[in-house]
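> Okay, structure incoming, though there's no sequence with it:
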């Protein structure tokens, strides 16, 4: 009898815990955070406005003793060893900057959680329940509806949608958890897919030590003149997606640099990788970029794409693969030369397909003036 009662009580407590947990699904505690990456709107094959939303739900735990110990005793020394320098070679500001940039790599992902989002447009507002996060706290959804309403209805006669995580009453961090998604035209004049490192951000990827130092210890700098080139394309109707092999943890830093340097609004796609990303398999980056670009080409169907990258790593080969599979879709391939010597064979196939005026290797943005004129932009 006692065993039966105890069993029933345990069952009640478990059910109560489930109910309480479900009522908290919409809420993010003060020690939790949400980061979005790769969020955008597109028109699917049935002319439905569709949202692609990716991100991570996690606990930063910046002040956690274990994480502080890991940073101080393991990770920070490993970073300094990798660049051949000592902590004393940098001032306090640089060391603090490095700690802040490394901390997101140690955040705990909130697994098996289902967040609620408010989707707001000029046509109204609705609540969207996300699928449960994976073991790392990551979530992803592609949907044309929120609640019982279509995204088209929510947009109304507006031009964008606001998406923000539902927070507990009194939580004033709303701006941090909000992303504005612009509605693209149904017929996109031009899709620009661009790399980030050494294409628009000075990264020195070919020098491993300098690359790591620039990621963690220095202010992010834009490649001179590239924002002006991209603005010219934007003025002609181009839409932008940056596809980077960088980890999502530094995405806010990249986005801040893009905004400060006056690049046009864009969607940034980064990889889900750890703090020692520089030791990763190069083929993984190649695969990630090809798959992401293929997805964009599918979602922005029958639109021309301009591919912009550099010769520091895999961009010529990635764009070669895209040209092979979609020869009628590529408007141009631009490769910024950052290595000491340029291997023209890396651009041979795009050049054969597109011609030398649209398959361009350049060193300085000023060299793109004629290439800009050769890019076809449909209306």
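Good, I have the coordinates. This structure is a prediction, so every number in the text was calculated from the model and none was measured.
> Give the next helix or strand downstream of the helix or strand of the chain with the lowest mean pLDDT.
Here the helix or strand of the chain ranked lowest by mean pLDDT, DSSP states H and E is helix 2-23, holding a mean of 37. Scanning forward in sequence from helix 2-23 by DSSP states H and E, the next helix or strand is strand 33-36.
> Give the partner strands of that following strand in its sheet and their orientations.
In the sheet containing strand 33-36, its partner strands are strand 49-59 (antiparallel), by DSSP bridges.
> What residues sit buried inside whichever helix or strand comes after the partner strand?
Later in the chain than strand 49-59, the nearest helix or strand by DSSP H and E is helix 65-70. For helix 65-70, a neighbour-count test (16 or more other CB atoms under 10 Å) marks residue 67 as buried. For glycine as for every other residue, the C-beta is placed from the backbone atoms N, C-alpha and C.
> and the residue nearest the centre of the chain, what does it touch?
Centroid check for the chain by CA atoms, centre = their mean gives residue 269 as the closest residue, at 2.9 Å. Applying CB atoms under 8 Å, 6 or more residues apart in numbering, we find residue 269 in contact with 37-38, 241-244, 292.
> Including neighbour count, could those residues go into JSON lines?
JSON lines is the format used below for these (neighbours: other CB atoms under 10 Å):
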{"residue": "37", "neighbour count": "23"}
{"residue": "38", "neighbour count": "20"}
{"residue": "241", "neighbour count": "20"}
{"residue": "242", "neighbour count": "25"}
{"residue": "243", "neighbour count": "26"}
{"residue": "244", "neighbour count": "26"}
{"residue": "292", "neighbour count": "19"}
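> ranges for the strands of the stretch 201-350 of the chain?
Taking DSSP state E, counting those that start in this stretch as the criterion, the stretch 201-350 of the chain contains strands spanning 238-247, 266-271, 305-310, 330-336.
> Any idea which of those gets closest to residue 53?
Among these, strand 266-271 comes nearest to residue 53, with 11.0 Å by CB to CB.
> Can you list the strands that that closest one pairs with?
Using DSSP bridges, strand 266-271 pairs in its sheet with strand 238-247 (parallel).
> In contact with residue 229, which residues?
Applying CB under 8 Å, 6+ apart to residue 229 gives the contacts 365, 368, 372.
> Looking at it now. What's its pLDDT?
For residue 229, the model assigns a pLDDT of 98.
> That one and residue 185, how far apart?
Distance, residue 229 to residue 185, by CB to CB, to the nearest Å: 21 Å.
> now swap in residue 118 and tell me
Counting by CB to CB, the gap from residue 118 to residue 185 is 26 Å.
> more neighbours, these two?
Neighbour count, other CB atoms under 10 Å: between residue 118 and residue 185, residue 118 has more, with 19 against 11.
> re earlier: so which of the strands of the stretch 201-350 of the chain is nearest residue 199?
For those, proximity to residue 199 was assessed by CB to CB; strand 305-310 is nearest, at 4.7 Å.
> what does that closest one contact?
190-195, 197-199, 233, 238, 293, 296-297, 315-316, 318-319, 322, 326, 329-338, 375.
> Going through those, which ones are buried?
Buried members of those, counted by 16+ other CB under 10 Å: 190-195, 197-199, 233, 238, 293, 296-297, 315-316, 318-319, 322, 329-338, 375.
> Tell me which of the residues you listed fall in helices.
Among the buried ones among the contacts of strand 305-310, DSSP state H puts 233, 293, 296-297, 315-316, 318-319, 322 in helices.
> nearest to residue 147, of those residues?
Nearest to residue 147 out of these is residue 296 (CB to CB; 27.2 Å).
> Looks like residue 158 contacts residue 125 (just checking).
No. The pair residue 158 / residue 125 is not scored as a contact, 11.9 Å apart, by CB atoms under 8 Å.
> got any ranges where this structure has weak pLDDT?
1-27, 61-64, 274-283, 302, 379 (pLDDT under 70).
> Any buried residues in stretch 174-182, and which?
By 16+ other CB under 10 Å, the buried positions in stretch 174-182 come out as 177-179, 181.
> what does that stretch contact?
For stretch 174-182, the surrounding residues in contact (CB under 8 Å, 6+ apart) are 28, 33-34, 36, 39-41, 51, 159-165, 167, 265.
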